[in-house]
Every structure is written in C-alpha cells, then in structure tokens.
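Student: whatever this is, show me its structure:
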Amino acid sequence: MKLGLQLGYWGAQPPTGVAELVAAAEESGFDALFAAEAWGSDAFTPLAWWGRETSRLRLGTSIVQMSGRTPASIAMHVLTLDHLSGGRVVLGLGVSGPQVVEGWYGAPFAKPLARTREVVDIVRQVLARRGPVTNDGPHHPLPYVGDDATGMGKALKPIVHPLRADVPIWLGAEGPKNVAQTAEIADGWIPLFYTPGSAHLYRDWLDEGFARPGARRSRADFEIAASCHLQVVADAAEKDRVVQAMKPTVALYMGGMGAKEQNFHKQVFVRMGHEALADEVQELYLDGRKDEAAALIPDSLVDDLHIIGEPAEVREKVAEWEETGVTTLLLSLRSADEVRRVADAVL
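Tutor: Here you go, the predicted model:
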C-alpha cells in the first residue's frame, strides 16, 4: 500500500512549512501529493507550486469540485499540469454538495450522477484528442445549444497534444449509486470514512459497478485512496490525548457539514450503524453546542476511523486497511519529522 501526503485546503491564511513537508514526503518514499478545495483555495495551484520541487511524487486533486469549472476547463488544467510534471497527475473529481454548488458556484446540484458521467466523458475526450469534443447530454452540451446560443459554437479539440490520454481519474463518492458508478467509469475511488470496519458496506456497490458492461476497471486494478489521520505515538497516554483531540473533527463531519436535511457525510455514519448518535451530534452541533457534540463521540469510533498507536500497532492496523482493498492512504501530517516517523513505521 502507498502513502499520499494530503495538503487539504487552506484555512484563513496559506499554511506554513509546506515546502518542508513536501520535501520530506519525496525523500521518505511517499507516492503522492494531494490538494483539495472547498470555497477558498483551489486544488490545482498548490500542486503546481509545490510540485515543481518534486520529481517523483504523483500530484493529485482530492477533490476538484465539478461545478467550479466547465469540463473542458478541468481538462485544460489537467493537460497543462501533466505536461509540466512529466506525467504525474491524478485527477480526483467530486460533486461536492448543494450548499456549495448552488450557494458558492451558482450552479444547479440536481442529477449529480448524470453530471458526473458527462464531465468524466468530456475530460477523457479532451485528453484522448481523437477529434473535436462533443457532448449531447443535457448538463454540458458541446457545442452549446441553449435558447440563448448564437449558433456559432464550434466543436474543437485541444491545441496542445496531451502528454497522456489515460490520466487516472478518481471520483469522490459516498452513496450506493455514486460508488457503483465510480467503479464503472473511474480508475479509482476517494471515499470518506472508509475503514476496515465499514469496508463491507461498499463491497456490493463496487462489485455492481465492476460488473456493468464496458466497466473501465476491475477490483484487481482499481485504486482506493482512503483518508485517515495516522499518528505514531509513544504510549497509551499519548494515544488517548490524540484520540480526544480528533473528536471535534469527527463531530464536525457528523453534524456540522451540509444542511440538516441533506448531509452526505452524516449519512455515511448512519450507514455505519451510528444513526442515533449522528442525530444527537447534529442537533447539538447545529445548536452551537460544539463541545457537547464532540464529547458524545466514542473513543472506539475515532479508533476505527484513524490509525493511532505505537509503531507495532500502527503497522498492524495499516495491514488491516490494506486487506480491505485500500491501495493508498491519504495522510494529513503537520511536520517533516512526522512525515519521516510515519514513513519509518509503515514503509
């Protein structure tokens, strides 16, 4: 199993010390560097900026929000960065949620599966460069055919010859239909809160996608890039401190992300068997009682979601994750020393 350094997205200010983190990841045998976006920093620019100092790390997005750019624009970013990096890009895509799509990007959220299929198809057409790029679908018609169209739109193919026609496309997906479609049309999957304890929930959905006519991959060559917090600790007391410190983040995703009526992250916890807990955490969180919400998160749930322990325990848990099909662990690490400690323990 490979390790990826997850830079995430920025907070109120750009992070510090990233160059040292990236250098340590390259030197320590990490496989990839990933960046994310929400409604602030974008996912591509940090990869271009910090990736320029690397020669081996794959450069991935986890995830690019589809509604933030047209499919052709996404493909242009990928084409450009793949040339600049010598063929190291992994395109991670996702639909985000209705609050961001409609509130930030001013785009409709409806029919996310159909939109995903069109975006992936258009990006692949651009990168293949076999001919002018067209799409008959209702979400991203090419050429544009709306009521306000001039009628002068022309199907085009990229001026630049792409370095690779087969840039890997990984999809962020959580629900049953979305996961099945991911297994059908993508090269990999970026799940949220995928753990050895929850892996069985997804097995049938993935198999349904792999079995569809024309499926791009099989379980044998499909990548699963799971995010978790991996921390090597000295003893049980330090582990307990780390577990307690992780609870506010779990509570945020369980109860504070998305609208009360439609929180995709909360639904993941419901499917994991934590419905009553998720309802209570959400009620407290949305009422502003965040500390109380975090206090409800059991230690066992944090321990299932993340890999925290002394070196031997960490290696044992990493092996458990690998046995469920995880090919890459995406890790958010805070210092170059932490990167090296993780690499020493795992790689």
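
Student: all contacts plus neighbour counts: C-alpha atoms, from now on.
Tutor: Will do.

Student: and the residue nearest the centre of the chain, what's its pLDDT?
Tutor: When CA atoms, centre = their mean is applied to the chain, the residue found nearest the centroid is residue 62 (3.5 Å). Note for residue 62: predicted pLDDT of 95.

Student: so where's the stretch 201-347 of the chain uncertain?
Tutor: 258-259, 261-262 (pLDDT under 70).

Student: which parts of it are strands?
Tutor: 223-228, 230-232, 307-309, 328-331 (DSSP state E, counting those that start in this stretch).

Student: tell me the domain ranges of this protein?
Tutor: 2-231+310-346, 234-309 (automatic domain parsing).

Student: mind checking the end-to-end distance for the shortest one?
Tutor: Meaning domain 234-309. Taking CA to CA, to the nearest Å, domain 234-309 runs 8 Å from one end to the other.

Student: use 19 as the first number from now on
Tutor: Noted, 19 is the first residue going forward, which turns the last one into domain 252-327.

Student: report the distance from that domain to the chain centre.
Tutor: Distance of domain 252-327 from the chain centroid (CA atoms, centre = their mean, to the nearest Å) equals 19 Å.

Student: now tabulate the strands of the stretch 219-365 of the chain in a markdown table and tack on distance to residue 275 and mean neighbour count.
Tutor: Formatted as a markdown table, the strands of the stretch 219-365 of the chain follow (distance: least, CA to CA, whole Å; neighbours: other CA atoms under 10 Å):
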| stretch | distance to residue 275 | mean neighbour count |
| --- | --- | --- |
| strand 241-246 | 17 | 22 |
| strand 248-250 | 22 | 22 |
| strand 325-327 | 23 | 23 |
| strand 346-349 | 20 | 24 |
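
Student: a markdown table please, covering those strands and showing distance to residue 163.
Tutor: Below are the strands of the stretch 219-365 of the chain laid out as a markdown table (distance: least, CA to CA, whole Å):
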| stretch | distance to residue 163 |
| --- | --- |
| strand 241-246 | 37 |
| strand 248-250 | 49 |
| strand 325-327 | 50 |
| strand 346-349 | 41 |
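
Student: which one of those strands lies closest to residue 289?
Tutor: strand 241-246 (17.3 Å; CA to CA).

Student: just how off-centre is that closest one within its chain?
Tutor: Counting by CA atoms, centre = their mean, strand 241-246 comes out at 8 Å from the chain centroid.

Student: run through the neighbouring helices and strands of it.
Tutor: Applying 3 or more CA pairs under 8 Å, 6 or more residues apart in numbering; DSSP states H and E, one finds that strand 241-246 contacts strand 206-208, strand 346-349.

Student: partners of it in the sheet?
Tutor: strand 206-208 (parallel), strand 346-349 (parallel) (DSSP bridges).

Student: so which of those comes closest to residue 300?
Tutor: For those, proximity to residue 300 was assessed by CA to CA; strand 206-208 is nearest, at 24.2 Å.

Student: which stretches in the stretch 219-365 of the chain count as helices?
Tutor: 254-269, 282-289, 293-304, 308-313, 317-323, 329-341, 354-364 (DSSP state H, counting those that start in this stretch).

Student: which of the ones you listed sits closest to residue 241?
Tutor: Smallest distance to residue 241 across the helices of the stretch 219-365 of the chain (CA to CA): 11.3 Å, for helix 329-341.

Student: could you export that closest one as PDB, CA atoms only?
Tutor: Taking Å, rounded to 0.1, in the frame of the first residue of the first chain, the C-alpha atoms of helix 329-341 are listed here in PDB:
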ATOM      1  CA  PRO A 329       4.700   1.500  15.800                       C
ATOM      2  CA  ALA A 330       3.700  -2.200  16.000                       C
ATOM      3  CA  GLU A 331       0.000  -1.300  16.400                       C
ATOM      4  CA  VAL A 332       0.200   1.200  13.500                       C
ATOM      5  CA  ARG A 333       1.800  -1.500  11.300                       C
ATOM      6  CA  GLU A 334      -0.900  -4.000  12.300                       C
ATOM      7  CA  LYS A 335      -3.700  -1.500  11.600                       C
ATOM      8  CA  VAL A 336      -2.200  -0.500   8.200                       C
ATOM      9  CA  ALA A 337      -2.200  -4.100   7.200                       C
ATOM     10  CA  GLU A 338      -5.900  -4.300   8.100                       C
ATOM     11  CA  TRP A 339      -6.700  -1.400   5.900                       C
ATOM     12  CA  GLU A 340      -4.700  -2.900   3.000                       C
ATOM     13  CA  GLU A 341      -6.500  -6.200   3.300                       C
END
